[in-house]
Structure formats: C-alpha cells, structure tokens
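Colleague: Here is a sequence with its predicted model. Questions after.
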Amino acid sequence: MLNVLILDDEPLLIETLTSTIDWRAYGMRVAHCSSSADAGLEYLKENPVDVVFTDIKMPGLGGVELLRRVHEVCIHTTFVMLSAWSDFALVRESFQYGATDYIQKIDLDNAGLMDELLRRVQERHRKYIYETPADHDPLKSGLTVPVEPAAFCQAAALGARQEYQLLGPVEELRKLRPDLQVRHVGGLVLAVLASGERERADLDGVLRQIPAGQFRFVRLGLGARSTSADESCRQAAIAAFYAADAETLRYETTPSRYQELLRQVTLSVWESGGIENITELMARIGEILAAARAELVPPQALCEDIYKLFGTLVTDLMQAPQDGYQVAADFAGGIRDFAELQNAVRNLGGALQNWLQTSGSSLLQQTKRYVLGHFSEPELSLGDVARALGVSSRYISSELYAWGKVHFKQYLNELRIKKAIALMENTTLRVSEICERSGYASSEHFSRVFSRQVGMSPILYIKKVRGNAEREEDL
C-alpha cells in the first residue's frame, strides 16, 4: 500500500481529494494532509511517503521548492503537482526538478482524468519495484559525481534503511552551509562542500554542530579534504558502508592486516577444505571482517573476497560442484552495508555447520572430506580411502561416478590441480614447492597433468597470474 501525502492551503480541495477517490483501488492510502509545504516537509522527515500531491503555490515554502529539496534525497518519491490555469511556468520548472505528473485543480473532480493519473502513478512504482536494475550501486559501478569546480572539496555520504530518514540530516546540513551540493547516487546521499584556496572545505566542523539525535537512523561516512571531488566522494561512500546507525566514520588509511589474514584463511580453506572446525573458521573470518572495517577496504573488493572464500568452501562440501558458488553469489548480491554483510556471513556459517551435522555424514561426503584432508599425500589411493572409511573401493567408486561422472583418480587430480592453482594465485611459492604441497612426487608428472587440465604449463600460468616480471629461475 503506497502512502500518500496531500498538501494544499485550500481545505475544500483536500476534502475533495480525500473523500471522492477510492484510494485503495489503486493500492494507496492517504497517510497525512497539511495546509502548508513547510509542515509537509517536517512530516516527510519522520515518515515514509511514496506519493505527494502538492499545490504548486502556497504561502511560505512553495511546492516547487519542496519538490527540489525532497527529490535531492528521496528520488523514489513521486510528486504530482496541483496547478491553476496560470501556473504553467511553474509546472515546467517542477518537471525540471523531477515531478512525475500534474493536474489542474479544475479537473480534480473529473473521474476519467484522475483514474488515468493514478494508474500512471501506480505503474511508476510498479516499475521501480520490479524493474530497477540491481547494478545501480555506486560502490560497484564506479563513482562519478558532477560537482562544481573548486580548489578543495570534502564529501559526506549518508545511508539509511529508508530514504526519508536522510531528509532531516540533509536539511540540517543545508541550514549550516547553504552552499552544500547534494547528489543522490545509488542508495547513498552525497553532501559535497566545495571551497576556494583560502577557505578549505570543512564538513567535519559542520557535522560537529548537528545534534547527534539527527543521525539516529543514519550511517555517515566522511571523506578527506581533497582537490578531487570524486576521490573524496569515493572515500565517504566506503566509510558509510562500514558505519553503523548513528555513527560517523572518517576515511583514514592504515597499515594493511586484512590482506595477510585473508591469505592465511584462503590457504587454510584451499589446503585442508577448512572443515575440521567451522567455529574456528568463522572466528578467523570474523577477524578478516574486523580488519576490513578498520582499514575501510573497498566494499566491492571485500564482498568479492568473501564470496570466493565461501564459494570454495561450500563447493568442497556440497554434492553438486556448482552449488557452492551459487550459494555464495546469492549471499553476495544485495549487500547494502557492513551490518548486512556480517549477518549474511553468520547465516552462511550456521548453514554450513547444520549441513555438516546432517548431510555431511553420507559416504560421499565422508569420502570428499577424507580426500580434502589427505590429497597432499603422493601415495593416496582409492584403497587408502576405502580402508579409512571401512567400505569397499567399488562402493566409493560407484558413489563418485553417480555424483559427478568421475572416477577416483580423475577426482583426485582435479582437486590437486585446483589446490595448485590457488597456491599459485595466493602465494609466491616456487613450482617445486607447489608440486609437493599439491600431492605430486614428480615435477614432470605434475607438469603433464597441469598442462592437460589448464591448457598451459605451471610456469606459464604463474607468469600470467603474478606478472611477467617474475624471473624463470625464481619459479
């Protein structure tokens, strides 16, 4: 049900709109009415509104100015302008600021025109809900914000669960600095302060003047003062991703611990399957997340790293090879902020733990877990696995073939090469060391199997992923 706000200084007109239209027939309800745009703005700061019917000309704040100020923040709020016959210049101006539709007041009692108008509004919201592309996130698609040129710029990025929660803080910022430039990018509102050489932009000082209660629902990130508006905006957007409600995070660069922790856990997962102790593994992933927040790692990179980590882990555990990356892809999609990422990681950890306690006890899973823990032993054979699990070799072979149409030796070699590739991409180990860690006693045999599966030699693959600057004698 869409929430409707009606603003007009004529009580009779408000009465007409509220009493003569069956709003529910269009999936709408009149949430509030007011006789002034100023009162409407205060209501909008505290309440979610989907559709605003507003008179273009009213005492005090006019409908066009209300539209301009609200639409900078709440871009998905539909504005329908109510005009008199002489207001066409203002109607044109309102469309420049994002008005969706208009109707003359003399036509409000025309049932046919009102029906067409309300159906257009209804269709606009349907398209927003069902047809908005998922890749509008500025942190994933790149951030370019048109800002008037200045010697120095500083940006603040504000994010919230719902757009209307950002309106009050932006209004407070504008009161303190009327020259503030406001841009809506993806799910964030960017407030940019630009200044000349003498007066360097200082949003930090402006923010300190606003009562903390104004930001009770808002995640706020602050970029550094910079000669590049785009860079300051990018920094602010990253900081906002990590901020909690009612928290302000300032972008700062710190020594990197994140990459080392990620490398250690990734290798642990690749080399052992990471399945001996899910609780311990989740604790290590928690350390990675904490380091990412401390260092303000770009959110896209963080989500991709966690996606790959879980994709590998779930693929190694689940029966169907594609399951793990599908689960991880579903997890990575739609993450809006750090709190959602933490919650998704917890849910995945719980799902893995539950899976191990239930489905993980099947013979196939026991086989896969045993091989994951012993693949680096060159002499590992189907007979070794069968003896360890107390079943016949033929039984294991039939389970593997029913699962993936593979024989034991093929499954083992594919796993070993996959682990070798991970070592090449995540370490600086030499080929001979990777060969040994992957379970091959002979470098020649390793090279033949690797070339057959990957299409190039181990040395060429390392040069490809590490760069051609690597000297061959160091490989």
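Modeller: Structure's in. What do you need?

Colleague: Check for me that residue 290 belongs to a strand.
Modeller: No. Counting by DSSP: H, G, I helix; E, B strand; the rest coil, residue 290 is not part of a strand but helix.

Colleague: so what's the spatially most distant residue from the centre of the chain closest to, chain neighbours aside?
Modeller: Counting by Cα atoms, centre = their mean, the extreme residue of the chain relative to its mean C-alpha position is residue 392, 48.0 Å from that point. With sequence-adjacent residues excluded and distances taken as Cβ to Cβ, 6 or more residues apart in numbering, residue 392 is closest to residue 386, at 6.0 Å. Placement of C-beta: from N, CA and C, glycine included.

Colleague: again, but for residue 443
Modeller: Among residues not flanking residue 443 along the chain, residue 435 sits closest, at 5.1 Å (Cβ to Cβ, 6+ apart).

Colleague: Quick check: the gap between the one you found and residue 441.
Modeller: Remark: distance between residue 435 and residue 441 (Cβ to Cβ, to the nearest Å) = 8 Å.

Colleague: out of the two, which sits in the more crowded spot?
Modeller: Summary of the neighbour comparison: residue 435 and residue 441, criterion other Cβ atoms under 10 Å, with residue 435 having more neighbours (24 against 11).

Colleague: Which SSE is immediately downstream of whichever strand or helix holds the more buried one?
Modeller: Element membership of residue 435, judged by DSSP states H and E, is helix 431-437. Remark: after helix 431-437, the chain's next helix or strand is helix 443-454, criterion DSSP H and E.

Colleague: Let's see whichever strand or helix holds residue 367 as CSV, backbone CA atoms only.
Modeller: Here residue 367 is covered by helix 363-374, with elements defined by DSSP H and E. Coordinates of each C-alpha in helix 363-374 appear next as CSV, following Å, rounded to 0.1, in the frame of the first residue of the first chain:
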residue,chain,number,x,y,z
LEU,A,363,29.5,-41.8,2.4
LEU,A,364,30.1,-39.4,-0.5
GLN,A,365,30.7,-36.5,1.9
GLN,A,366,32.9,-38.6,4.1
THR,A,367,34.9,-39.6,1.0
LYS,A,368,35.3,-36.0,-0.1
ARG,A,369,36.3,-34.8,3.4
TYR,A,370,38.9,-37.5,3.7
VAL,A,371,40.4,-36.7,0.3
LEU,A,372,40.4,-33.0,1.2
GLY,A,373,42.4,-33.7,4.3
HIS,A,374,44.9,-36.1,2.6
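
Colleague: who does it touch, helix- and strand-wise?
Modeller: Contact analysis of helix 363-374 by 3 or more Cβ pairs under 8 Å, 6 or more residues apart in numbering; DSSP states H and E lists helix 299-317, helix 382-389, helix 393-404, helix 408-426 as its packing neighbours.

Colleague: and the ones you listed as CSV, adding distance to residue 281 and mean pLDDT?
Modeller: Listed next are these as CSV, based on distance: least, Cβ to Cβ, whole Å; pLDDT from 0 to 100:
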stretch, distance to residue 281, mean pLDDT
helix 299-317, 8, 77
helix 382-389, 23, 93
helix 393-404, 24, 88
helix 408-426, 16, 88
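
Colleague: any chance of the ones you listed in CSV, plus mean neighbour count and distance to residue 286?
Modeller: Below are those laid out as CSV (neighbours: other Cβ atoms under 10 Å; distance: least, Cβ to Cβ, whole Å):
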stretch, mean neighbour count, distance to residue 286
helix 299-317, 20, 11
helix 382-389, 16, 32
helix 393-404, 15, 32
helix 408-426, 19, 20
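
Colleague: nearest to residue 25, of those helices?
Modeller: With Cβ to Cβ as the measure, helix 299-317 is the member of the helices and strands packed on helix 363-374 nearest residue 25 (42.1 Å).
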